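Enquirer: Let's see this in three dimensions:
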Amino acid sequence: MRESVQAVQAEVMMSFLVSEELSFRIPVELRYESTDPYAVRLTFHLPGDAPVTWAFGRELLVDGVNGAAGDGDVRVSPVELAGGGAGEMPGEVHIRLQVGHDQALFRAGVAPIIAFLDRTDKLVPLGQEQALADFEADLDQALDRILAEEQSAG
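Expert: Here you go, the predicted model:
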């Protein structure tokens with residue numbers, strides 16, 4: 001069976017917040033694939049550790065740019081503006097990944113996140129994920145049927 005993966009990938013520099021006093025910048029990979037149209041994958045690599053990948057809903061990332069989103073292991077929220085300007089786009093977002101009491105907190109600029117999300121929307125428009133998922137399932141079934149017919153005829 002052949003699978004064609006259309007993907008959007010971006011490397012975003014984010015601050016890994018160890019504590020209120022300590023943070024350091026690391027490259028974080030964001031990846032979106034048309035074969036899993038609801039999910040975004042975030043991969044980071046801390047020195048001395050293996051790369052870590054988290055998958056979560058693309059819509060969670062979209063929602064988190066403008067307001068707090070997520071109530072589970074992944075939470076995204078805008079960083080409060082110093083002036084508290086209502087209606088202003090925040091300059092940064094926090095992305096919190098948590099398992100039990102362990103957590104990783106990142107701060108990222110909104111501009112590269114929005115640019116990444118815009119590219120994912122061009123690949124699979126928000127709200128059209130189900131149509132794509134059904135299309136790919138139908139395509140896989142059709143290809144399997146064709147291959148089976150060719151093998152039985154050959």
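Enquirer: buried ones in stretch 110-123?
Expert: Within stretch 110-123, the residues that qualify as buried are 110, 112-113, 116-117, 120-121, counting by 16 or more other CB atoms under 10 Å. The way it works is simple: take the backbone N, C-alpha and C, and place the C-beta from them, glycine included.
Enquirer: In CSV, list the residues you listed along with pLDDT, secondary structure and distance to Arg75.
Expert: What follows is those, written out as CSV (pLDDT from 0 to 100; DSSP: H, G, I helix; E, B strand; the rest coil; distance: CB to CB, whole Å):
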residue, pLDDT, secondary structure, distance to Arg75
Val110, 96, helix, 16
Pro112, 97, helix, 19
Ile113, 97, helix, 14
Phe116, 98, helix, 18
Leu117, 97, helix, 17
Thr120, 95, helix, 20
Asp121, 95, helix, 22
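Enquirer: from these, which is closest to Leu143?
Expert: Leu143 has its nearest neighbour among the buried residues of stretch 110-123 in Thr120, at 25.5 Å by CB to CB.
Enquirer: Tell me which residues touch the residue lying closest to the closest one once chain neighbours are set aside, please.
Expert: Nearest residue to Thr120, sequence neighbours excluded (CB to CB, 6 or more residues apart in numbering): Tyr32, at 4.3 Å. Going by CB atoms under 8 Å, 6 or more residues apart in numbering, Tyr32 touches 7-9, 39-41, 58, 116, 119-120, 123-124.
Enquirer: and the helix or strand containing Tyr32, which strands flank it?
Expert: Assessed by DSSP states H and E, Tyr32 sits inside strand 23-33. Strand 23-33 sits in its sheet next to strand 7-17 (antiparallel), strand 39-44 (antiparallel), going by DSSP bridges.
Enquirer: What strands line up against whatever helix or strand comes next after the last one, and which way round?
Expert: Same thing as strand 39-44. Next helix or strand after strand 39-44 toward the C-terminus (DSSP H and E): strand 52-57. With DSSP bridges as the test, strand 52-57 is paired with strand 39-44 (antiparallel).
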